[in-house]
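1. Build me a model from this:
(one chain, ligands or ions: 1)
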Amino acid sequence: MSEKLHLTGFSKTELAEFAEKIGEPKYRAKQIFKGLHERRLLSFDEMTDLPKAFREKLNETAVASILKVESRYVSEDGTRRFLMKTPDNFPVETVFIPTENRDTICFSSQSGCPLKCDFCLTAKLGLLRNLTAGEIVEQIIIVLNDVYGTGAETPHGTNLVAMGAGEPFLNFDNLIKSLEIMSDEEGLFIVPNRVTVSTAGIVPKIYEFAKLEKRPNLAISLSAPNDELRDKLMPINKRWNVEELLAAAKEFEKTLRRGERFTFEYVLLGGVNDSEAHARALANLVHKYELQKVKINLIPHNSADPLEYHPPSFRQVERFKNLLESKGVSAYVRRARGRDIYAACGQLAAKDGMNKTVGSSSWQEKTDCLLPTAAAAD
Ligand code: SF4
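-> Numbers count the residues shown, from 1 in each chain. You can find the predicted model right below:
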């Protein structure tokens, strides 16, 4: 681990304190912040508006970048998947998903994940560690620079989704700090309503999240309409069951402003949770809790060895969606993106069969990076 300070994860206040500590005027903090976040420069040497002596001083005590891009893959649909490593050698995965109207970056909040969702391959890794705020922000900067070029303006409408590896609400403080840094108008300026945080159901944090003044959008991964099935698919349900989760969702809904909605994510697993009875039970749940501002994102499971699950048929997905809609519940089917580079939701990263490799490292060399992602695309 680098002993130097990773300034990319510093708030403006912390940067001001840092500047003071190294005997520099406070305005240096603003210059560093702009260099890192507005111009997206991940090296102090590139901040040529700063005096050379100051840059040298910065290099002695601090770094702008600590993540190393190990591999980068580009799908035939334009999706890009990045495998990065922290200085202590933990994997971090980030996915860029282009669409006609807006681009989405799906980032990781943890390396690995402690939750044991049965349909997700990140679960097999267990928790390696929480990512720092700086590591979260740097993921985004690396991807933006790769896609748009260093220093180029971030296109308005770039969305962020905390749906990569990890449970964001188990790294709550770092997540919120990173989002605050990224929302600054003198920096990346990615405002909270362009950000969605997805939780597997850490109920107390849903209440805490609801109280935030500048709050991103919320998605709750539900994937089963009853405790019996959810206990099996998402063991976090044994800690906070469907009733407690829906009660928290109801409370969260009360805090939404006009026109705002939240999401239930529902991974459709063929023959497991995709029957008409499940769709009916799901609609009943929405009605029981009188949820008016919820939409359901249906995510057909992406098959990935060695998991036992398989995707439902196209017809089954349509049936499920239609049944929800016939009961007055908004439902959307989420298109899988980047399947060919294993960037789609829940796919295994380390396996043979890559058909596109860009960058210096080959996929086959990277079989130690067992990272799936939960890349989202509406
Ligand atoms: S689905 Fe999300 S919360 Fe569940 S194990 Fe995978 S990464 Fe963790």
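
2. Flag every buried residue along stretch 81-100.
-> 81-86, 90-99 (16 or more other CB atoms under 10 Å). From N, CA and C alone the C-beta is placed, and that goes for glycine too.

3. First-to-last residue distance for that stretch?
-> One end of stretch 81-100 sits 18 Å from the other (CA to CA, to the nearest Å).

4. wait, does that stretch contact the ligand?
-> No. Residues of stretch 81-100 contacting the ligand under CB under 6 Å from any ligand atom: none, with a closest distance of 10.4 Å.

5. Could you do stretch 168-188 as well?
-> No. Applying CB under 6 Å from any ligand atom, one finds stretch 168-188 separated from the ligand by no less than 8.6 Å.

6. can you offset everything so residue one is 42?
-> Let's use 42 as the start, then, which means that last one is stretch 209-229.

7. Which ones among the buried residues of stretch 122-141 map onto strands?
-> The strands, defined by DSSP state E, take in 122-126, 132-139 from those.

8. check which helix or strand covers the spatially closest residue to Ser219 that is not a sequence neighbour.
-> In space, and not counting its chain neighbours, Ser219 is closest to Ile177: 3.8 Å by CB to CB, 6 or more residues apart in numbering. If you go by DSSP states H and E, Ile177 is part of helix 174-189.

9. which residues sit against that helix?
-> 47-51, 77-78, 81, 83, 106-108, 110, 113, 121, 123, 125, 127, 133, 135, 137, 139, 144, 146, 148-150, 195-196, 199, 201, 215-216, 218-219, 222-223, 229, 231 (CB atoms under 8 Å, 6 or more residues apart in numbering).

10. Among those residues, name the buried ones.
-> Buried members of the contacts of helix 174-189, counted by 16+ other CB under 10 Å: 47-51, 77-78, 81, 83, 106-108, 110, 113, 121, 123, 125, 127, 133, 135, 137, 139, 144, 146, 148-150, 195, 199, 201, 215-216, 218-219, 222-223, 229, 231.

11. I figured Glu61 hits Glu55, correct?
-> No. If you go by CB atoms under 8 Å, Glu61 and Glu55 don't touch, sitting 10.7 Å apart.

12. okay, these two: which has more neighbours?
-> Applying other CB atoms under 10 Å to Glu61 and Glu55 shows that Glu55 carries more neighbours, namely 16 against 13.

13. can you pull the contacts of that one?
-> Counting by CB under 8 Å, 6+ apart, Glu55 touches no other residue.

14. any chance you could map the helices in the stretch 242-391 of the chain?
-> Using DSSP state H, counting those that start in this stretch, the helices found in the stretch 242-391 of the chain span residues 244-251, 268-274, 283-295, 317-329, 355-367.

15. ok, now the stretch 92-241 of the chain?
-> With DSSP H, counting those that start in this stretch as the criterion, the stretch 92-241 of the chain has helices at 93-102, 174-189, 213-224.

16. residues of the longest one that come out buried?
-> Spelled out, it's helix 174-189. 174-185, 187-188.

17. quick revisit: now flag whichever of the ones in strands among the buried residues of stretch 122-141 is closest to Arg96.
-> Nearest to Arg96, judged by CB to CB, of those is Met125 at 24.9 Å.

18. how about the closest one, what does it touch?
-> 108-111, 132-135, 180, 183.

19. Now for those residues: which two are most distant?
-> Pairwise over the contacts of Met125, using CB to CB, the maximum falls at Pro132 and Ile183, 14.1 Å.

20. low-confidence ranges in the protein?
-> Along the chain, the model assigns pLDDT under 70 to residues 42-43, 344-348, 377, 380-419.

21. Near the ligand, which residues of it? Just list them.
-> 154, 156, 158, 161, 163-164, 206-208, 241, 415.

22. redo that, cut-off 5 Å
-> The chain comes close to the ligand at residues 154, 156, 158, 161, 163-164, 208, 241, as judged by CB under 5 Å from any ligand atom.

23. now these in JSON lines, with neighbour count?
-> Shown next, in JSON lines, are these (neighbours: other CB atoms under 10 Å):
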{"residue": "Cys154", "neighbour count": "26"}
{"residue": "Leu156", "neighbour count": "22"}
{"residue": "Cys158", "neighbour count": "21"}
{"residue": "Cys161", "neighbour count": "29"}
{"residue": "Thr163", "neighbour count": "30"}
{"residue": "Ala164", "neighbour count": "21"}
{"residue": "Glu208", "neighbour count": "26"}
{"residue": "Ala241", "neighbour count": "25"}
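
24. got a markdown table for those residues, with distance to Glu292 too?
-> Formatted as a markdown table, the residues of the chain next to the ligand follow (distance: CB to CB, whole Å):
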| residue | distance to Glu292 |
| --- | --- |
| Cys154 | 25 |
| Leu156 | 22 |
| Cys158 | 24 |
| Cys161 | 26 |
| Thr163 | 28 |
| Ala164 | 28 |
| Glu208 | 20 |
| Ala241 | 18 |
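
25. Check the ones in strands among the buried residues of stretch 122-141 and tell me the two furthest apart.
-> The most widely separated members of those are Lys126 and Pro139, with 24.8 Å between them, by CB to CB.

26. Which residue ranges make up the domains of this protein?
-> 46-104, 109-407 (automatic domain parsing).

27. Quick check, central residue of this structure?
-> Ala203 (2.1 Å; CA atoms, centre = their mean).

28. related to what we said a few turns ago, just the closest of the buried residues of stretch 122-141 to Asn278, please.
-> Glu134 (25.3 Å).
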